[in-house]
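# attaching a predicted model along with its sequence, questions to come.
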Amino acid sequence: MDESTDMAPEGTPENVEETSAGDVTPEATEDTATETPAEKPADDPTSPAAIRKRLKGLPGRWYVLHTYAGYEKRVKQNIEIRTKSMNMEEHIFQVEVPMEEVFEVKRGERKLVNRVRMPGYALVRMNMDNDAWRTVQETQGVTGFVGNGRDPVALTEPEVIKMLTPVVEAEVAKELRSQGKPTKGAPAVISVEFEVGENVILTTEPWVGMPATIDAVDAANQRLTVLMTLVGQETPVDLSFNQVKKAD
């Protein structure tokens, strides 16, 4: 079958730190077994009851995937294309990358942007069998399922509700805007301190203390592409904001 559409994104750093399947769930959801979303009015389309109603009767169960950070949306697209090309539509039903709107403040200017809510993760609703597992697992950009490796653990209902709430909120906000109605709540504000061409020092293993130059800034997802010298060659490396500090 033709699987050329799910090739790894060109320029993916081979030394990007990968998180192996089988460890903890994303930080944003690690306490979902005991914590439930805040109370919302019963008629709120993003309330737990409303989301539970949306999910009722849907086939499959939800699982969490590890992905290359920065390529979450590409992985979603690749899985959807791969599912069709391998005739797995009756086993793999839906892939989601929860997003959120934030105000980016740079040089005193504020701009509304969308960013991935959980960098390095995606959600997939599927029937877990060998073929479906292999179809997803072997998609370029996927580094594994969260859970017990070869036998992933499905999300509980409270976890699903919590993790899909941002997806539903985005859908509701889009519907309201299309109707000319105001949306609820104000986006968070993030400040961008880095600029292209700026010199930084890496603070993450195995390059602690090494200098680099910023080549690109992804403010929405809080990530940088830096150029550093490795084995005598200038090499691009994808990092998060908290993996570097400004050079003195």
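Right, received. Where do you want to start?
# contacts, neighbours, all on C-alpha from now
Fine.
# number of nearby residues for residue 56?
The tally of other residues near residue 56 (other Cα atoms under 10 Å) stands at 9.
# ramachandran coordinates for it?
Torsion angles at residue 56 (phi, psi; degrees, to the nearest 10) stand at phi -60, psi 130.
# cool, residue 141 as well?
Here residue 141 shows phi and psi, under degrees, to the nearest 10, equal to phi 100, psi -20.
# what does residue 159 give?
Backbone dihedrals for residue 159, given as degrees, to the nearest 10, come out at phi -70, psi -40.
# and it, how far is that from residue 133?
Using Cα to Cα, to the nearest Å, residue 159 is found at 21 Å from residue 133.
# then residue 126?
In terms of Cα to Cα, residue 126 sits 9 Å off from residue 133.
# out of the two, which sits in the busier spot?
It is residue 126, of residue 126 and residue 133, that has more neighbours when counted by other Cα under 10 Å, with 24 against 19.
# and the more buried one, what does it touch?
59-63, 91-94, 132 (Cα atoms under 8 Å, 6 or more residues apart in numbering).
# which among the residues you listed end up buried?
Buried residues within those, counting neighbours by 16 or more other Cα atoms under 10 Å: 60-63, 91-94, 132.
# and the next helix or strand past the helix or strand of the chain with the lowest mean pLDDT?
Sorted by mean pLDDT, DSSP states H and E, the helices and strands of the chain end with strand 188-191, the least confident at a mean of 61. Next helix or strand after strand 188-191 toward the C-terminus (DSSP states H and E): strand 199-202.
# export that next one to PDB, keeping only CA atoms.
This file holds the C-alpha atoms of strand 199-202, laid out as PDB (Å, rounded to 0.1, in the frame of the first residue of the first chain):
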ATOM      1  CA  ASN A 199      22.700  33.800  21.400                       C
ATOM      2  CA  VAL A 200      21.600  31.300  24.000                       C
ATOM      3  CA  ILE A 201      23.100  28.600  26.300                       C
ATOM      4  CA  LEU A 202      21.600  25.100  26.400                       C
END
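# just name the closest of the buried ones among the contacts of residue 126 to residue 76, please.
Comparing the buried ones among the contacts of residue 126 against residue 76 with Cα to Cα picks out residue 94 as the nearest, at 9.0 Å.
# so who does that closest one touch?
Residue 94 touches 80, 124-126, counting by Cα under 8 Å, 6+ apart.
# of the residues you listed, which is the most crowded?
Most surrounded of the contacts of residue 94: other Cα under 10 Å gives residue 126, at 24 neighbours.
# what bridges to that residue?
Per DSSP bridges, residues listed as beta-bridge partners of residue 126: residue 61, residue 92.
# how close does residue 248 get to residue 88?
Distance from residue 248 to residue 88, counting by Cα to Cα: 53 Å.
# these two: who's more crowded?
Shown here are residue 248 and residue 88; by other Cα under 10 Å, residue 88 has more neighbours (16 against 6).
# quick check: nearest residue in space to the more buried one, chain neighbours excluded?
residue 132 (7.0 Å; Cα to Cα, 6 or more residues apart in numbering).
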